[in-house]
Structures are given as structure tokens and as C-alpha cells.
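sharing a sequence plus its predicted fold:
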Amino acid sequence: AFGAEITGLRSHQDPESDRPDAFGDPAGIASQGVEADARLLLSRRGERRHALLLVDPARGTSSSLRPGGDPQGSFSGLAGVALSERLAFACETGKRSVQVFRDREFHYRIPMPIPKQGESSLEPCSVAALRDGRVVVACRGGDGGAVLLFDAGGSFVRCLAAGGAGRRDEAGDVEGPSAVTVQEGASDRASLALVLDRDGARVQAFSLDGACL
């Protein structure tokens, strides 16, 4: 709690190698549990087979999750990750989707909405998981980016915030969001999605029903 290092896990091979015990070029990290029950989810950039690693700090071991459930497949540009109970989530910018795993096995994929004509595609960069299986995803691209809510089955529910041409100085718009986290309340109105954008210069708070606070 005061910043002192408790333990450390280091690559057993070349940190940049494509192996499940190499941790070089990390893109995102999430944690769950404490002490002996703690586990970490680590993502790595680039085109790699072993780019999504579930790490057990107590035992000093790591295992690699299979992209799309394919042992011969590869991830394409992983970014932010999240853990929630038995589920793991990983933003994959190269395929414009979020991969979802359950009990370490591939579960399903959440594709980002198709962009409007003339806009660039949305690329997920950060994901926050709720206890009921829903997720909030921050995306770059489009017209300044977007923050989206999906249900527990991966279906799109609503857009919490989006970039607005000519309106980006206003609260409620986003400009290149880079991270999102959620503080859950008793209802969507009482739950907060905190969004970091503008190269880390601003944080905005949105309720899960889409209101900017």
C-alpha cells in the first residue's frame, strides 16, 4: 500500500520473445484477488501467439491464453485488459474487438460497431468489467473516439460518450480516450465510468445510463 516491492516476476527467456514466460513490451495489466489468491492478466503488443498471459504471482508461473481458442492463432495488437470473477477481457486493436475468456478458455468476441460512412473504425484500447458480466469499452478512432457499454452476451447497449466535431471543448464529448474504469453503484444511474482522454490531460465521469457528471 506504500509502494514497497513485495515480489517480482521476470522473463525467463528473452523478454521480447514470443513465449508464455516472456513479459516484454507490455500493453495492459489487470489484477484480481490478494496474497495467495492474487492473479494478473498481462497483454503484450504486436503480432504474437503468446500475447495474453495469466500470471500467478504466488507461484511465479504464467500461462498463455489461446487467441480465439486457436492454439495456432495469434493476437493482433492487444491493448487494455480486465478481470472479473471467472472472466478475462482483452482489447484487440488489430481486429477491432474485445476477446472474452471464461476459465482460461475462449468464450466469445465483442466486435466494435461499424463506423459511419467517412469515419475511421473504432479501435478498443481500454476495457472495464462489471460484476454482472457487462463491460465498458473506450475506443480510439471514429470522430474522436467513443465509450461504449455492452451487455453480458457482448451485444451493444448504448454509447456513453462520443467525439463531436467542433464540440470537443464541451464536457460529455471525448477526444482520443485512452483508459476507462468503473465504480459500481446500486443502479446504472449510480454507477460511474471514469474516462481518461486528451493524452491523459482530462478525466470525465459518466453514469452508465449515459449522463456526463
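Good, I have the coordinates.

buried stuff in stretch 200-213?
Applying a neighbour-count criterion of 16 or more other CB atoms under 10 Å, one finds Gln204, Phe206, Ser207, Leu208, Gly210 buried in stretch 200-213. Yep, even glycine has a C-beta here, placed from its N, CA and C like the rest.

okay, among those, which ones form the most distant pair?
Gln204 and Leu208 (13.7 Å; CB to CB).

what sits up against the helix or strand of the chain with the lowest mean pLDDT?
Each helix and strand of the chain was given a mean pLDDT (mean pLDDT, DSSP states H and E); the minimum falls on strand 61-64 at a mean of 92. Contact partners of strand 61-64, identified using CB atoms under 8 Å, 6 or more residues apart in numbering, comprise 9, 20-21, 23, 42, 49-50, 52-56, 104.

let's see 6 Å
By CB atoms under 6 Å, 6 or more residues apart in numbering, the residues outside strand 61-64 that reach it are Pro20, Asp21, His50, Leu53, Leu54, Val55.

do the same with stretch 27-35
Counting by CB under 6 Å, 6+ apart, Arg39, Leu40, Leu41, Leu42, Ser43, Arg45, Leu78, Ala79, Gly80, Val81, Ala82, Leu83 sit against stretch 27-35.

please report how far the fourth one lies from Ser126.
So that's Leu42. 15 Å (CB to CB, to the nearest Å).

go on, the third one?
As judged by CB to CB, Leu41 and Ser126 stand 13 Å apart.

list the contacts of Ala152.
Gly133, Arg134.

let's go with 7 Å and repeat that
Contact partners of Ala152, counting by CB atoms under 7 Å, 6 or more residues apart in numbering, are Asp132, Gly133, Arg134.

who wins for most neighbours among the residues you listed?
Neighbour counts for the contacts of Ala152, by other CB atoms under 10 Å, peak at Arg134, which reaches 22 neighbours.

contact partners for that residue?
Per CB under 7 Å, 6+ apart, neighbours of Arg134: Leu149, Phe150, Asp151, Ala152.

6 Å - rerun?
The neighbours of Arg134, taking CB under 6 Å, 6+ apart as the test, are Asp151, Ala152.

would you confirm that Val154 contacts Met112?
Quick fix: residue 154 reads Gly, not Val. No: counting by CB atoms under 6 Å, Met112 is not a contact partner of Gly154; they are 11.0 Å apart.

okay, the two: which has more neighbours?
Each of Gly154 and Met112 has its neighbours counted (other CB under 10 Å); Met112 has more, 23 against 17.

quick check: phi and psi at that one.
Main-chain dihedrals, Met112, degrees, to the nearest 10: phi -80, psi 150.
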